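*Asks:* need a structure here:
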Amino acid sequence: MFNPQKSLSGSTFIVSGGASFLGSTIVRSLYAAGGNVVIGDLNQKDAKLLELELGERCRSIKCDVRRDPDLSKLVNLAVDEFGTLD
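*Replies:* Predicted structure coming up:
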């Protein structure tokens with residue numbers, strides 16, 4: 001279970017649907033706890049706005065989780081930007 005009091009500094013997370021209301025809440029919580037966050041969402045406009053709002057430990061990419069090539073790009077972005085995926 002996620003404990004918001006625990007530091008997630010150095011950990012990297014992918015949040016699919018991260019631009020939606022619930023997804024963005026998860027993204028913000030992980031980021032506030034020190035985590036690196038990669039947002040995968042079909043709504044690239046809102047995902048990019050959230051990335052810009054949060055800053056250096058957040059990235060976003062247009063992603064349809066039903067498509068393997070999109071999932072590969074999502075994971076590759078996380079690893080390329082942050083070196084690991086937790």
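*Asks:* Can you name every helix or strand that the helix ranked longest in the chain contacts?
*Replies:* Identified as the longest helix of the chain according to DSSP state H is helix 68-82. Counting contacts by 3 or more Cβ pairs under 8 Å, 6 or more residues apart in numbering; DSSP states H and E, helix 68-82 packs against strand 12-16, strand 36-41, strand 58-62. Every residue, glycine included, has its C-beta placed from N, CA and C.
*Asks:* what sits up against that helix?
*Replies:* Here helix 68-82 makes contact (Cβ atoms under 8 Å, 6 or more residues apart in numbering) with 12, 14, 16, 36, 38, 40, 57, 59, 61-65, 85.
*Asks:* hmm, try it at 10 Å
*Replies:* For helix 68-82, contacts defined as Cβ atoms under 10 Å, 6 or more residues apart in numbering pick out 10-14, 16, 35-42, 56-65, 67, 84-86.
*Asks:* Likewise for stretch 42-53?
*Replies:* Residues external to stretch 42-53 that are found in contact with it (Cβ under 10 Å, 6+ apart): 15-20, 23-24, 27-28, 31, 37-41, 57-66, 70.
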